[in-house]
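[1] Got a sequence here, can you build the structure:
(chains A and B)
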Amino acid sequence: AQSVAQPEDQVNVAEGNPLTVKCTYSVSGNPYLFWYVQYPNRGLQFLLKYITGDNLVKGSYGFEAEFNKSQTSFHLKKPSALVSDSALYFCAVRDMDTGRRALTFGSGTRLQVQP
Amino acid sequence: DTAVSQTPKYLVTQMGNDKSIKCEQNLGHDTMYWYKQDSKKFLKIMFSYNNKELIINETVPNRFSPKSPDKAHLNLHINSLELGDSAVYFCASSLTDRGLQETQYFGPGTRLLVL
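    Residues are numbered from 1 along each chain as shown, chains lettered A, B, ... in the order given. Just a heads-up that it's a prediction; the model follows:
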């Protein structure tokens, strides 16, 4: 079975400071990893993904994520936070080797960026 | 030019009623999904169709019946609505090709409230 853990319900950061939103995963095979963002009363927007290749993945709106196989982590980062980044962030995983196409999501982390 | 659209956006109904939610994608994808997001923001897969064939059917009450008339549409019909069905239902789609990266794109969600 595949699972995702987002250990922080909320992350607070000041505008202009770097931010990190944590994610760890568990799959039996090789992972596809995704980050999505959800703004209030909106759908999920795709931010970035890791399939294979470079461990540092760059995505939309200046976000990046680092895949760490030994720590089974895929933390989301941004060098300088904006107030407009405040939203709910979801990490998701798919096991590449099972063929199961559904994503398993973490519980979400609310990012609050203070001006 | 909306990629994944859902109707209605909001649905308020009485317990015991039957209702449908429609989803359409114009991305040329061949796999579509229904996810449920509960009041605590947990997202969970319900169903998935690939080329009109049901490929994922999670432990969902049989009051929920998905129907895919063609690759671009996946509708969700719910019979005998219960209070616990109140949630946000998201449709998503992806292109299935093991050689390519499959990203799921989500619709804006349908907010269902059962009174």
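
[2] isn't B:K36 right up against B:F47?
    No. Contact between B:K36 and B:F47 fails when scored by CB atoms under 8 Å: they sit 10.0 Å apart. (C-beta placed from N, C-alpha, C; glycine too.)

[3] Low-confidence ranges, the chain, go.
    You didn't pick a chain, so chain A it is. Chain A contains residues with pLDDT under 70 at A:98-101.

[4] Correction: the question concerned chain B.
    B:1-2, B:98-101.

[5] again, only this time at 50
    Along chain B, segments meeting pLDDT under 50 span B:99-101.

[6] Regarding the residue with the shortest distance to the centre of chain B, what is its secondary structure?
    Nearest to the mean C-alpha position of chain B, counting by CA atoms, centre = their mean, stands B:W34 at 2.9 Å. Under the three-state scheme (DSSP: H, G, I helix; E, B strand; the rest coil), B:W34 adopts strand.

[7] Who is it paired with across the strands?
    For B:W34, the beta-bridge partners under DSSP bridges are B:F47, B:C91.

[8] Touching, it and B:S93? I think so.
    No. Counting by CB under 8 Å, B:W34 does not reach B:S93; the two are 10.8 Å apart.

[9] which residues touch stretch A:30-41?
    For stretch A:30-41, the external contacting residues (CB atoms under 8 Å, 6 or more residues apart in numbering or on different chains) are A:2, A:23, A:25, A:44-51, A:59, A:63, A:65, A:67, A:74, A:76, A:87-97, A:103, A:108, B:41, B:101-104, B:106, B:111.

[10] and if you look at stretch A:88-96?
    A:2-4, A:6, A:21, A:23, A:25-39, A:44, A:47, A:51, A:74, A:76, A:100-106, A:108-111, B:41, B:43, B:102.
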